[in-house]
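>>> What shape does this take:
(chains A, B, C and D)
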There are 2 protein chains.
Amino acid sequence: MARWEPDSRGRLERAALELYAERGFENTTVADIAARAGLTERTFFRHFADKREVLFWGAAALEELLVSAVETAPESASPIEAITSALEATGPLFEERRDSAQQRQLVIVASRELRERELIKLASLASALAGALRRRGVAEPAATLTAEAGIAIFRVAFARWLSGIDSRALPQHIRESLGELQTVTAGR
Amino acid sequence: MARWEPDSRGRLERAALELYAERGFENTTVADIAARAGLTERTFFRHFADKREVLFWGAAALEELLVSAVETAPESASPIEAITSALEATGPLFEERRDSAQQRQLVIVASRELRERELIKLASLASALAGALRRRGVAEPAATLTAEAGIAIFRVAFARWLSGIDSRALPQHIRESLGELQTVTAGR
DNA sequence: GGCCACGATGGCAGTGACTGACATCAGCCT
DNA sequence: AGGCTGATGTCAGTCACTGCCATCGTGGCC
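Here you go, the predicted model:
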């Protein structure tokens, strides 16, 4: 007989997402979340650094995936190609959970604090990608600019994919956004 | 005889920047700031929405300047050209206060919370610029991508300008970063 | 079988950011 | 003179987050 119900972290995650969706992030207290998960506030803060972090737990895994995809891209690939194909490689990871990604995104967009946190996660992603490019021999500021461009592409592509205005898969949206960025930056 | 010393807002701003620089953002309480400005905590929160906002008060003015520069750019200018020249137009505004901009940036970089706030200000800038482009007849997602590219250019250029590794003015750095982004995105 | 160290959780007190309600009072208007 | 206004002060309250110590099944060890 276990002393406690298992998977307290997962219970906290689910309870938080539910409550944020039901009544909004700002109208949810950590005590509410803990109560729904059958735990205490103190335990919440042992699993998550703060009230926002509970939604961004997966960012570290995403970062690892992208960085290793950039590092293992064929040597012949140009920097922007390495980044773009790494982004495309995240397709399967998101494609499976489109619905939960959509709900999560709704919650985030509704709260300024959560949008802030999302931005810093993306910025950290960009700087990790720039680091991976440097390890491929790309100099600064090209590495940073390429990584930032990649994140911009991803943001646009992800939003269009989630919105569902057309039914193509995420990698197709990424390719298309790359093309649009190329068109737009070339503009004279 | 005035009932209070004048310019309480300015006093709070200066006190906050000093204290953040002296002992760090996280080691400064709002009560400390108010005390140094000769006011109370409550008054601080009447002038600034929160402890971070005191450093970002100027963002609204910058946004207005950039938006109106984009809107009044010659009709013949391409989107990326309109954005870039708007960014260049901020040169004088920063050039005068390089030292204080540098100190402020040191403070921001030292604190995760302040970096978060800076990112959301830049994101709001990007979406305002995208709006201005749309008013020029640029369609989505080109407008958003161009605006995001512009912000990436600005971030890189601003950092290089502040670092002082070469002594050119901000607009020159912006031009150069644009060129680098073009090179990098064109990559095949 | 008994002992003990470990690890996840609870309980609790404390700090600090932020808010709402009400009080104060110099200067201005009439 | 008398009343109104706007910036400030005071105070109590909520909530995010932290440090410290207590609890107690579990698993290893003798």
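
>>> Residue A:177 contacts residue A:150, correct?
No: at 9.9 Å, residue A:177 and residue A:150 do not qualify as touching, with contact defined as Cβ atoms under 8 Å. (Glycine included, C-beta is placed from N, CA and C.)

>>> who's more crowded, those two?
residue A:150 (29 against 26; other Cβ atoms under 10 Å in any protein chain shown).

>>> so that one sits right up against residue A:88, yeah?
No: using Cβ under 8 Å, residue A:150 is not in contact with residue A:88; the gap is 10.8 Å.

>>> Enumerate every residue touching residue A:121.
Contacts for residue A:121 (Cβ atoms under 8 Å, 6 or more residues apart in numbering or on different chains) come out as A:56, A:59.

>>> Please apply the same query to residue A:106.
Residue A:106 is in contact with residue A:21, counting by Cβ under 8 Å, 6+ apart.

>>> Also residue A:161?
Applying Cβ under 8 Å, 6+ apart, we find residue A:161 in contact with A:94, A:98, A:168, A:169, A:170, A:173.

>>> Derive a ChimeraX selection command for the buried subset of those residues.
In ChimeraX, this line selects whichever of these come out buried by 16 or more other Cβ atoms under 10 Å in any protein chain shown:
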select /A:94,170,173
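
>>> So which elements touch the lowest-mean-pLDDT helix or strand in chain A?
One helix or strand of chain A scores below all others by mean pLDDT, DSSP states H and E: helix A:91-95, with a mean of 93. Helix A:91-95 sits against helix A:170-186, with contacts defined as 3 or more Cβ pairs under 8 Å, 6 or more residues apart in numbering or on different chains; DSSP states H and E.

>>> Flag every buried residue along stretch A:52-66.
Neighbour counts using 16+ other Cβ under 10 Å place A:52, A:54, A:55, A:56, A:59, A:62, A:63, A:66 of stretch A:52-66 among the buried residues.

>>> for chain B, what are the nearby residues on chain A?
Within reach of chain B by Cβ under 8 Å from any Cβ of the partner chain, chain A has these residues: A:78-81, A:112, A:115-117, A:119-120, A:123, A:141-142, A:144-146, A:148-149, A:152-153, A:155-156, A:160, A:177, A:180-188.

>>> Run the angle between the one helix or strand residue A:104 maps to and helix A:170-186 for me.
Here residue A:104, judged by DSSP states H and E, is contained in helix A:98-109. Computed by axes from the mean of the first three to the mean of the last three Cα atoms, to 10 degrees, the angle separating helix A:98-109 from helix A:170-186 equals 50 degrees.

>>> So helix A:98-109, near DNA strand D or not?
No: if you take Cβ under 7 Å from any atom of the strand as the test, helix A:98-109 misses DNA strand D, and the best it gets is 14.8 Å.

>>> Starting from that helix, tell me the next helix or strand along the chain.
Tracing the chain C-terminally past helix A:98-109 and defining elements by DSSP H and E, one meets helix A:112-135 next.

>>> what is the rounded mean pLDDT of that next one?
For helix A:112-135, mean pLDDT rounds to 98.

>>> how far is that helix from where the chain is centred?
Offset of helix A:112-135 from its chain centre (Cα atoms, centre = their mean, to the nearest Å): 9 Å.

>>> next one: stretch A:172-186
Averaged C-alpha coordinates place stretch A:172-186 at 20 Å from its chain's average position (Cα atoms, centre = their mean).

>>> Kindly report the same for stretch A:166-179.
For stretch A:166-179, the distance to the chain centre is 17 Å (Cα atoms, centre = their mean).
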